[in-house]
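*Asks:* Mind folding the following:
(chains A and B)
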Amino acid sequence: MEATGLSLLTVILFLPLVGMTIILFIPGDQGRNIRYTALGFSVVTFALSLVMWASFDPNVAGLQMVQRWDWMPTFGISYYVGVDGISLLLIVLTAFIMPIAILVSMASHIFQERGREKWYYLFLMVLEWAMLGAFMIQDLIVFYIFFEITLVPMYFLIGIWGAENRVYAAVKFFLYTLAGSVLMLLAILYVGNQAGTFAIPEIVSMVHSGALTFPFDGLFSTQSYLFLGFFIAFAIKVPLWPFHSWLPDAHVQAPTAGSVILAGVLLKLGTYGMIRVLLPIFPEATVAWAPIVAVLAIIGIIYGAWVCYAQDDAKKLVAYSSVSHMGFIVLGIFALNGQGIQGSILQMVNHGVSTGGLFLIVGMLYERRHTKKLADYGGIWKALPVFGAISLVITLSSMGLPGLNGFIGEFTILLGTFGSEVLGFFFALFATLGIILAAVYMLYMFQKVFMGELDKEENKHLPDMNWMEYAALIPVLVGVFLIGLYPALFFAPMNTTVMELAAQVGHFVTTVAQAVP
Amino acid sequence: MIQVPSLSDFNLQYTLPALSIVVWAAALLIIDLFIPRERKQTTAWLAAGGLVFAFVVNAFLFNVNDEAFLGMFRADQFTAYLNAVVLGAAFIGVLMSVDYIKRIGIERGEYYVLLLFSVAGMMFMAAANDLIAVFVALELLSIPLYVLSAFRAPDTKSEESGLKYFILGAFASAFLVYGAALIYGATGTTNIPAIFAAVSGIEIGGSASILLLIGSGLMLVGLGFKVAAVPFHMWTPDVYEGAPTPITAFMSVGAKVGGFAAMFRILASALPTFILMDASLHAAWQTTVWILAAATLILGNLVAISQSNVKRMLAYSSIAHAGYILMAVAAAGTAGVADAAARAALFYLLAYMFTNLGAFAIAIALEKDDGSGTNISDFTGLAKSRPGLAAMMAFFMLSLTGFPPTAGFVAKFLIFQQTLDAGLVPLAIIGVLTSVISGYYYLNIVVKMFLGDGEGDPAEGATPHLRWAAYACFAGTLILFVLPVLGTDIASSVHLATALIP
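*Replies:* The predicted structure is shown next:
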């Protein structure tokens, strides 16, 4: 259904940009006004995203709240927003993470050292705009634009307000991801030239009605090259092993809010892109490449977990745990069935909440002690009991304890992998190994930091948590329990869309099996 | 009996924008004598007024498609578009020059007069419909630029710049003329539509065909020199570094406009059907341009990384951007793609005009009166001392990289699209990968400005006029991204080859 006037999505999308413009005109020394403007706009955006969820019809498979304006009509490019079961939760997640990131920045001391508070919140607003855009846009070129714009504010957040090696990490982050995505631009152009339009729904319907075919005869053919053009861009963003080497650097150097957003939302752009583009537009190549991708995902799951255990830097540990968790999500997607994809979408939200939460915890500890070394901590529970309890819940949720959110996602993904026609038992088996390892490294970290004797003098008199830190952590806790105890609420909106997608792709599983021996 | 043409046959009105610039430049040379030394700014504003007048007149040319001066010039949308780009570049160039030439002590009226003559040369080049006209326009474009490059004499770098540009430029002109002579030998005419008509009668692989091949190759050498394509780029860094910075800025855009206009006219209008194999869909010159483009992209972008002077860095960047436009020229060699490729190149030149002039405007702001302050390290901490300038510079750098949300992104996107459409996939891949490489050195400036420690340069050169120039470039770079139709629609009826078929 086409909206008349402004679609709610357009309003949500451009609200952060309005916030940015207002902040631009506030003098830089009025820190308080700047902070609260940013917080206010992000909270309103979140509230509107809940309104969007409430007015979302879960029985419709296609796009809702659609709005379309021509951008470059000669080339079939348009500003085209819409929400379906795949993007709904991710839009809400983005709007949910943003106020938390702003709150934790307000509680932070980075501006006393680095200053330029105005620019910081300006970049956060641009970042929110770009991320929301990437999830809402249904036009390949404009999607690419938003996908790329997210790099710029993140680059500055890491580069200006990061830790010691910030410049190296920022440049590496920018160039690594840019290098991945330029080939995607060529693939997009090729697809668009063939289709005569860049609108994803139109391309998908052409592909499935047979009006548009990308020649496919095995792992190396036109369709597979196009698949790879997109896949490499997304795999770097995820990051899938072996494309992950930018992630630990970026995470370790980024300020807390940067890490929270990076882990919470930005990585999901990759997995979202896989579901949005690869599965429906290149179904045959997806089916053919699925086992190979799944092997990479499983290597990532186990490798990430293994490396975690060797870390002495808390932030690096959480960063590598992301590699492991994101591997699960990719595995679920390439199971190519309803359960796998649903589990992946939910796990994207879970990972955003839990790993975002872990980065909050590490960031808050860093604010107090100015160190990320695990060895410098110990017995923190005794110094900060409430903080310790909250941290325990988030750690357990990241581990996948039943009753909390992580379990639901991982369990559904494993079910999907097990029942998948392209993957199957052994993939599920090795992935389960990842869950066991996750318990090991997560408990190892928790024990090093919170348990044991409070034997270091500096740790004995840590300042208590302030209201901004509570305000940042409590929504995370709410998310952890809500998803863990009432997952049906989250599966309901995505069900129709995902089932249709799975049916479309499932149709190709048998045909490709015949074509590729 | 010789028929004497009457004045109305010349279709003077179609060359009015360029003619008015020539007339105004000649008049300004006299007027300037009566302007007292301390009020030389008046000349600048008079020159700018002439540019505005030409710009307004030029707006009427967008819907014309006719010949002027008995077929020597062509007035069509292609001409009008490029005229607009040149006039825009010159206007912004004047804005950047006003305070600059005063503070470095080279304020003389001839500066603006020479600038106007060069503008006229570029505009004639965009209109040239005859190889002789191409040559004359090229000289009118070049000679004032040789003088302007050396305008900072007795500064040795500036003298070196002018002399180097002149000697190598004269050399390139010789190639161009020789190429024109050979084409005349092969086809019996120098008129571009007539060459187009004659090409179809040339036997494939015959002696005329070989003459034509060598002739077009030599012309490509001459024009490749003007647009700074590898391997004819050697002069660029030295000339760019030594010339007064506003001239460097203007030259980097204007000379490219002239060179590429002639390249499109000669290759895409006159020789699109010149093939070496029967029923080939690819023009004979396509492979050559393809290789030039690839070499230009790779060398320009790689060498730019190691530069420490911002003017030299922008010089190599300008070489690299010539490579991107050459991609469009190469794409024009595939049958059926020429017009769309020309439109992409036009948009690219427009976007590049705003972006590159903007980048130079910030560089001028940092330049000291003695010509120092142009090192990349001088940008350190600029975001602290002048956040507005630094933000704009960062935006221009993103645009040069071809990163959204900037005009540079749309421009590169259009070029890559045409390259793919023309079936030149490896060239497109080289194009995107070198864009990533270029990200490194453009980002380096951003790193210095925003992430570097230090209080930053006060950027005393950022006078109000210069800031207006920068704002205009910033607005252009942003608006062409938000509403690219503004740049593409006015080129929508550009037809190079097809318009000539009766």
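
*Asks:* how deep is residue 177 tucked in, by neighbour count?
*Replies:* All of this refers to chain A. Applying other Cβ atoms under 10 Å in any protein chain shown, we find 25 residues neighbouring A:Thr177. Any C-beta I mention is one placed from the backbone N, CA and C, and that applies to glycine too.

*Asks:* Oops, wrong one, chain B.
*Replies:* A count of nearby residues for B:Val177, using other Cβ under 10 Å, gives 19.

*Asks:* Where does the closest residue to it other than its chain neighbours sit, in terms of helix or strand?
*Replies:* Taking Cβ to Cβ, 6 or more residues apart in numbering or on different chains as the measure, B:Val177 lies nearest to B:Phe135, with 5.9 Å between them; neighbours along the chain are not counted. Assigned by DSSP states H and E, B:Phe135 belongs to helix B:131-149.

*Asks:* Show the secondary-structure elements that that helix is packed against.
*Replies:* Judged by 3 or more Cβ pairs under 8 Å, 6 or more residues apart in numbering or on different chains; DSSP states H and E, helix B:131-149 is in contact with helix B:110-127, helix B:156-187, helix B:207-227, helix B:245-263.

*Asks:* model confidence over it, on average?
*Replies:* Per-residue pLDDT values over helix B:131-149 give a mean of 94.

*Asks:* now that helix against helix B:245-263, angle please.
*Replies:* On the basis of axes from the mean of the first three to the mean of the last three Cα atoms, to 10 degrees, helix B:131-149 is oriented at 170 degrees to helix B:245-263.

*Asks:* Now do the buried residues in helix B:131-149.
*Replies:* B:131, B:133-149 (16 or more other Cβ atoms under 10 Å in any protein chain shown).

*Asks:* what angle sits between that helix and helix B:207-227?
*Replies:* What separates the directions of helix B:131-149 and helix B:207-227 is an angle of 20 degrees, with the same axes, to 10 degrees.

*Asks:* Please list the residues of chain A that sit near chain B.
*Replies:* With Cβ under 8 Å from any Cβ of the partner chain as the criterion, chain A comes near chain B at residues A:71-75, A:116, A:119, A:141, A:144-145, A:148-149, A:151-152, A:156, A:159-160, A:166-167, A:170-171, A:174-175, A:178-179, A:182-183, A:185-186, A:189-190, A:192-193.

*Asks:* Buried members of those residues into ChimeraX, please.
*Replies:* To isolate the buried members of those in ChimeraX, using 16+ other Cβ under 10 Å:
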select /A:71,72,75,116,119,141,144,145,148,149,151,152,156,159,160,166,167,170,171,174,175,178,179,182,183,185,186,189,190,192
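
*Asks:* Using a markdown table, please lay out the helices and strands packed on helix B:131-149 together with mean pLDDT and distance to A:Gln30.
*Replies:* A markdown table is the format used below for these (pLDDT from 0 to 100; distance: least, Cβ to Cβ, whole Å):
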| stretch | mean pLDDT | distance to A:Gln30 |
| --- | --- | --- |
| helix B:110-127 | 94 | 45 |
| helix B:156-187 | 93 | 47 |
| helix B:207-227 | 92 | 50 |
| helix B:245-263 | 94 | 37 |
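
*Asks:* Touching, A:Ile408 and A:Val349? I think so.
*Replies:* No. Here A:Ile408 does not reach A:Val349: they are 10.1 Å apart, not a contact under Cβ atoms under 8 Å.

*Asks:* overlap in contacts of those two?
*Replies:* Shared contacts of A:Ile408 and A:Val349, defined by Cβ atoms under 8 Å, 6 or more residues apart in numbering or on different chains, comprise A:Ile483.

*Asks:* how about the helices in the stretch 201-350 of chain B?
*Replies:* Counting by DSSP state H, counting those that start in this stretch, the stretch 201-350 of chain B has helices at residues B:207-227, B:235-242, B:245-263, B:286-305, B:310-331, B:338-366.

*Asks:* Export those as JSON lines, with columns for mean neighbour count.
*Replies:* Rendered in JSON lines, the data for the helices of the stretch 201-350 of chain B read as follows (neighbours: other Cβ atoms under 10 Å in any protein chain shown):
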{"stretch": "helix B:207-227", "mean neighbour count": "21"}
{"stretch": "helix B:235-242", "mean neighbour count": "25"}
{"stretch": "helix B:245-263", "mean neighbour count": "28"}
{"stretch": "helix B:286-305", "mean neighbour count": "21"}
{"stretch": "helix B:310-331", "mean neighbour count": "28"}
{"stretch": "helix B:338-366", "mean neighbour count": "27"}
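
*Asks:* For chain A, find the nearest of these.
*Replies:* Distances from chain A to each of the helices of the stretch 201-350 of chain B were compared by Cβ to the nearest Cβ, and the smallest falls on helix B:338-366, at 9.1 Å.
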